[in-house]
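Trainee: Take this sequence and fold it.
(4 chains)
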There are 2 protein chains.
Amino acid sequence: MSTDRKLVAAASALLDSGGEDAVTLRAVGHASGVSHNAPYKHFKNRDALLAAVATADFGALTDSFKNVRQSSAKPTAKLTSALKVVIDYSYQHPARYRLLFNNPNIAAQGGGLEEAALRAFGEFIAIVKECQDASVLPNIPNATLAGLLSATMHGLIAHEASGRMRPEKGLTGVASSLELMIQLLSPCK
Amino acid sequence: MSTDRKLVAAASALLDSGGEDAVTLRAVGHASGVSHNAPYKHFKNRDALLAAVATADFGALTDSFKNVRQSSAKPTAKLTSALKVVIDYSYQHPARYRLLFNNPNIAAQGGGLEEAALRAFGEFIAIVKECQDASVLPNIPNATLAGLLSATMHGLIAHEASGRMRPEKGLTGVASSLELMIQLLSPCK
DNA sequence: ACCTGAACACCGTTCAAGT
DNA sequence: ACCTGAACACCGTTCAAGT
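Mentor: Here you go, the predicted structure:
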């Protein structure tokens, strides 16, 4: 395993175990068996290393979306599954989730990150399109609708992560709120 | 002006001028005319100081929402205005916006922050209710709908802040996407 | 080409001491 | 009660030097 892959894997593991603050170059280097400034031989700086983690994760999300899209499920089920992929990812890897979707500094890093993010979003768009073709979602510009659904999901995740989704107030979780939203959006019959 | 108010004001100004990284206790102390560890006499630590900034801003948002709600505008116009209040705030004070709505660490700080956030959300809920009473929004549980609208707005803001709202893909800005969403949600006629 | 050790200029936080 | 200066244990980053 090459050093740069080891560094990305170590940063990823540290994000999961201790959050973003735990990702010090000293800890990353130590976990990879190199010195604390060896990362500079592979990445411009700490942000570039984190961007590499994000790029890899966007790739994994793209693969997951592709699997969902190519499955034999009904369009609505595919959409629910795709949303569930991201929701589960946000629960299981909160620090990494925030890196991909909630960190303007990292988003501005370049190095293939933007392209990787667009590829993932492209797969999601395709799934939304299947729903529109099946007339379970309104006939508005495809990417606009996908953007709305994606934004709602991310907003709900952030809302819950901030501890402000009170069940007593009728806010009953990300997945169920999203299901309701999809119902409300479905064309009038 | 008391020292603790000065500290909050200085932290607020530093967030605007240099982002969260610029809010060092040394800079806050210097801008307030005290030493770099004087803040510890007023706040438990740096996060508690940032939480105080967030609490104050939630208070300002509550006031803005209240003004909108008590105006003579039509319900839909009130909703648009309330959303615009937050959108403008996110543009003019991005670091502070992220502190209030996108920072789980700060959200968990306590000290009146949670209550202040709920008060602001309560005002927003009341505006959404006016729209429901006027039948321009669907008749589902009030707080649930407000949560969906709020989540969509925050998700769109995050999407744009990450530089991933490409106009060429049909994603044409936070405000216009939200308007479309509200149209789609309006009960079938 | 890749890595290391020392060094620099910072941090947040603690603590003894001052008024 | 409120504040200060020194100190501690960290950081990211740079750089000269090694193989």
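Trainee: Report the buried residues of stretch A:33-51.
Mentor: For stretch A:33-51, burial by neighbour count (16 or more other Cβ atoms under 10 Å in any protein chain shown) applies to A:34, A:38-39, A:42-43, A:48-51. Just so you know, the C-beta spots here come from the backbone N, C-alpha and C atoms, and that holds for glycine as well.
Trainee: For residue A:135, give me its contacts.
Mentor: residue A:187 (Cβ atoms under 8 Å, 6 or more residues apart in numbering or on different chains).
Trainee: What confidence value was assigned to it?
Mentor: Residue A:135 is assigned 95 on the pLDDT scale.
Trainee: Tabulate the buried residues of stretch A:33-51 (JSON lines), appending distance to residue B:164 and pLDDT.
Mentor: What follows is the buried residues of stretch A:33-51, written out as JSON lines (distance: Cβ to Cβ, whole Å; pLDDT from 0 to 100):
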{"residue": "A:34", "distance to residue B:164": "33", "pLDDT": "95"}
{"residue": "A:38", "distance to residue B:164": "32", "pLDDT": "95"}
{"residue": "A:39", "distance to residue B:164": "27", "pLDDT": "96"}
{"residue": "A:42", "distance to residue B:164": "26", "pLDDT": "96"}
{"residue": "A:43", "distance to residue B:164": "22", "pLDDT": "96"}
{"residue": "A:48", "distance to residue B:164": "19", "pLDDT": "97"}
{"residue": "A:49", "distance to residue B:164": "21", "pLDDT": "97"}
{"residue": "A:50", "distance to residue B:164": "17", "pLDDT": "98"}
{"residue": "A:51", "distance to residue B:164": "14", "pLDDT": "97"}
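Trainee: Close to DNA strand C as well: tell me which of these qualify.
Mentor: A:34, A:38, A:42 (Cβ under 7 Å from any atom of the strand).
Trainee: how close does the first one sit to residue A:25?
Mentor: Here the criterion is Cβ to Cβ, to the nearest Å. By it, residue A:34 lies 10 Å from residue A:25.
Trainee: Check the last one too.
Mentor: According to Cβ to Cβ, residue A:42 and residue A:25 sit 11 Å apart.
Trainee: which residues do the two both contact?
Mentor: residue A:49.
Trainee: hmm, back to that, so which of the buried residues of stretch A:33-51 would you say is closest to chain B?
Mentor: residue A:51 (12.2 Å; Cβ to the nearest Cβ).
Trainee: Pretty sure the closest one sits against residue A:113.
Mentor: Yes - Residue A:51 is within contact range of residue A:113, at 5.0 Å (criterion: Cβ atoms under 8 Å).
Trainee: Would you mind listing the buried residues in whichever helix in chain A runs longest?
Mentor: In chain A, assigned by DSSP state H, the helix with the most residues is helix A:46-69. Going by neighbour count (16+ other Cβ under 10 Å), the buried part of helix A:46-69 is A:48-58, A:61-62, A:64-66, A:68-69.
Trainee: Please list all residues in contact with residue A:82.
Mentor: By Cβ under 8 Å, 6+ apart, the neighbours of residue A:82 are A:64-65, A:68-69, A:123-124, A:127.
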